[in-house]
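Participant: what follows is a protein structure lacking sequence information:
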C-alpha cells in the first residue's frame with residue numbers, strides 16, 4: 001500500500017480502529033484458556049470409537065503424551081495472548097502517530113481534519129462550521145494528507 005493510501009486509510013478508519021483496539025483489549029482481558037486439566041482429562045480417559053480399551057488406569061505412554069500436550073497448550077495460550085497484545089500495540093502506535101502528526105498541522109487545517117475524520121462530521125457540517133466552501137475544505141484535506149504522507153515517509157520528523 002502506498003503511503004498516501006495508508007494515511008487516507010488511517011484517517012477514514014480512525015474511529016473503527018479505535019473501537020477495534022478497545023475490543024482487542026476486552027478480548028485479551030477475557031480470553032478463555034483451555035485448561036491443563038481439561039486437556040489431560042480428555043487425553044487420558046477418552047475411549048476410541050470401535051475399540052476395546054482398558055480404562056481402569058492411565059498408561060505411562062498416555063500420561064507422557066498428556067504432559068507434552070499440556071506444555072503445547074500452554075504455549076498456544078501464551079501465543080494467543082502475545083498475538084493480541086502485538087495487534088493492540090501496533091494499532092495504538094499508528095493511531096498515536098496519526099494523532100501526533102495531525103496535532104502538528106496548521107491550526108485551520110488541523111481543526112478541519114479533526115472534525116472531518118475524528119469527529120465524523122459531514123462535509124457540509126464542516127463547511128458550515130468554518131464558513132468555508134467544499135473546494136476550500138478539499139484543499140485543506142489535500143494539504144493535510146500531503147503533509148502527513150511526508151512525515152510517514154520519514155522525509156520530515158514532525159509537521
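Facilitator: All right, it came through fine. All figures in this text were calculated on a predicted structure; none of them were measured in a lab.

Participant: ranges for the helices of the chain?
Facilitator: Here the chain has its helices, by DSSP state H, at 3-12, 14-29, 36-45, 60-103, 107-113, 123-130, 134-152.

Participant: just for this structure, where's the confidence low?
Facilitator: The model of the chain has pLDDT under 70 over residues 34-60, 156-159.

Participant: let's go with 80 and repeat that
Facilitator: Low-confidence regions of the chain, defined by pLDDT under 80, span residues 1, 31-73, 76-77, 155-159.

Participant: picking that back up, any chance of the helices of the chain in JSON lines, with mean neighbour count too?
Facilitator: No exception for glycine: its C-beta is placed from N, CA and C like everyone else's. What follows is those, written out as JSON lines (neighbours: other CB atoms under 10 Å):
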{"stretch": "helix 3-12", "mean neighbour count": "16"}
{"stretch": "helix 14-29", "mean neighbour count": "14"}
{"stretch": "helix 36-45", "mean neighbour count": "14"}
{"stretch": "helix 60-103", "mean neighbour count": "14"}
{"stretch": "helix 107-113", "mean neighbour count": "17"}
{"stretch": "helix 123-130", "mean neighbour count": "14"}
{"stretch": "helix 134-152", "mean neighbour count": "17"}
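
Participant: any idea how far residue 133 is from residue 20?
Facilitator: Between residue 20 and residue 133 the computed distance is 34 Å (CB to CB, to the nearest Å).

Participant: same check, this time on residue 31
Facilitator: In terms of CB to CB, residue 31 sits 50 Å off from residue 133.

Participant: so what's residue 64 up against?
Facilitator: Contact criterion CB atoms under 8 Å, 6 or more residues apart in numbering gives no residues in contact with residue 64.

Participant: for residue 97, which non-adjacent residue is closest in space?
Facilitator: Using CB to CB, 6 or more residues apart in numbering and skipping the chain neighbours, the partner closest in space to residue 97 is residue 152 (7.8 Å).

Participant: please name the residues that touch residue 123.
Facilitator: 116, 134, 137.

Participant: of the residues you listed, closest to residue 93?
Facilitator: Nearest to residue 93 out of those is residue 116 (CB to CB; 22.8 Å).

Participant: quick one: the closest one and residue 145 touch, right?
Facilitator: No. Here residue 116 lies out of contact with residue 145, judged by CB atoms under 8 Å, at a distance of 11.3 Å.

Participant: sounds good, over and out.
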